[in-house]
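K.L.:
Below is the sequence, then the predicted model.
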Amino acid sequence: MKGEDLSVEEAGSTVFAGSLRDLPLAPAGDHTGTEKRIVFGPGRFWEDYVARFFSVDPGISTPFHAHDWPHYVLITGGSAKGKIMGQEYELEAGSWAFVPENTEHCFDNVGRDKLTFLCIVPKKGDLYWQGEAGSC
């Protein structure tokens, strides 16, 4: 999925603001019940990092995994149990979480509504801009 699929242009002019939910879906791998949208990143106003907006269905968890880059997470809706560095954190809209590099982590949607959050990673953490599916 290259830049044309994640365009920030509308009717030939650059769009500088809009709704997160109106951004095109980006591949989220085989993570059933999870949607991902690219907010900022290479080719989208921020060359060094990627800001992704995730939506996770009730009862669904992001995979328990680790990467060699950090994650900066801002919960925008719903409620979650974050598992980071062997500890569990109760998170809700307005919460933040930091995941250090090489740390196993996941976010479980423990509420009745969709869990939504922004997750920022260095550009090597989501290679959508090179046509790859990226990570969660």
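P.N.:
That came through fine. Numbering: from 1, shown residues only.

K.L.:
Quick one: find the helix or strand in the chain with the lowest mean pLDDT.
P.N.:
When the helices and strands of the chain are compared on mean pLDDT, DSSP states H and E, strand 9-10 comes out lowest with a mean of 67.

K.L.:
strand partners of the very next helix or strand once past it, parallel vs antiparallel please.
P.N.:
Remark: after strand 9-10, the chain's next helix or strand is strand 13-14, criterion DSSP states H and E. Counting by DSSP bridges, the strands paired with strand 13-14 are strand 9-10 (antiparallel).

K.L.:
so how far does stretch 73-91 reach from one end to the other?
P.N.:
11 Å (CA to CA, to the nearest Å).

K.L.:
what comes up buried for that stretch?
P.N.:
73, 74, 75, 76, 78, 79, 80, 81, 82, 83, 84, 91 (16 or more other CB atoms under 10 Å). From N, CA and C alone the C-beta is placed, and that goes for glycine too.

K.L.:
Just the ones of these in helices?
P.N.:
The helices, defined by DSSP state H, take in nothing from the buried residues of stretch 73-91.

K.L.:
Can you report how many residues lie near the residue nearest to residue 73 when sequence neighbours are not counted?
P.N.:
Nearest residue to residue 73, sequence neighbours excluded (CB to CB, 6 or more residues apart in numbering): residue 97, at 4.2 Å. By other CB atoms under 10 Å, 18 other residues sit near residue 97.
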